[in-house]
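Participant: Build me a model from this:
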Amino acid sequence: MNATTMNMLLLVFFIGLIYFMMIRPQRKKDKEDKAMRASLVVGDEIMTIGGVVGKVTKITEKTVVIATAERTKIEFVKTAISSITKKNGEAPKKAAPVVDDADESASNVSRDKKVTPKKLTKKSDTADETAVEETTEEA
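Facilitator: Okay, here's the model as predicted:
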């Protein structure tokens, strides 16, 4: 093989690597977000990209109106919705932490043990002190 063929193969390899590492996962995430926004119904509790949490009261083709407080309603573009925190009539989604018994016992031990930091001294200070002690002993 000549150098031109090797360079072309490397170029194709890197373009393929970029596609599978960056472009493909982003397209998959975009498709999931689009499906999530399409599945919105009135009564869902959502969170926006800015962190505003509220209940969906009205849905149009491009916007969503949410109620954040008793009388406060805000209209957002659908693309500003980051997640659905609670579907209409369901319990809120909450990821339960998985705790292993071995991890729990190890964490309890480390919490009970108190660690006190050692005093840091300069090496030159300790050398001077030992020199002073030696001179006082000799005298």
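
Participant: how deep is Thr68 tucked in, by neighbour count?
Facilitator: When counting by other C-beta atoms under 10 Å, one arrives at 13 neighbours for Thr68. Every residue, glycine included, has its C-beta placed from N, CA and C.

Participant: Need the nearest residue in space to it, chain neighbours excluded.
Facilitator: Nearest non-adjacent residue to Thr68, counting by C-beta to C-beta, 6 or more residues apart in numbering: Gly54, 4.1 Å away.

Participant: What separation is there between the one you found and Ala69?
Facilitator: 8 Å (C-beta to C-beta, to the nearest Å).

Participant: Show me where the chain has its strands.
Facilitator: Assigned by DSSP state E, the chain shows strands spanning 45-48, 53-59, 63-67, 73-77, 81-86.

Participant: coming back round to it: does the residue nearest to Thr68 have any beta-bridge partners, and if so which?
Facilitator: With DSSP bridges applied, Gly54 shows beta-bridge pairing to Ile46.

Participant: ok, Gly54 and Ala69, which is more surrounded?
Facilitator: Ranked by neighbour count (other C-beta under 10 Å), Gly54 and Ala69 place Gly54 first, with 21 against 8.

Participant: what sits against that one?
Facilitator: Listed by C-beta atoms under 8 Å, 6 or more residues apart in numbering, the contact partners of Gly54 are 45-46, 66-68, 74.

Participant: Identify, from those, the entry nearest to Pro25.
Facilitator: Nearest to Pro25, judged by C-beta to C-beta, of these is Ile46 at 23.8 Å.

Participant: who touches the closest one in this structure?
Facilitator: Listed by C-beta under 8 Å, 6+ apart, the contact partners of Ile46 are 40, 53-56, 64, 66, 81, 83-85.

Participant: buried subset of these?
Facilitator: With burial judged by 16 or more other C-beta atoms under 10 Å, the buried subset of the contacts of Ile46 is 40, 54-56, 64, 66, 81, 84.
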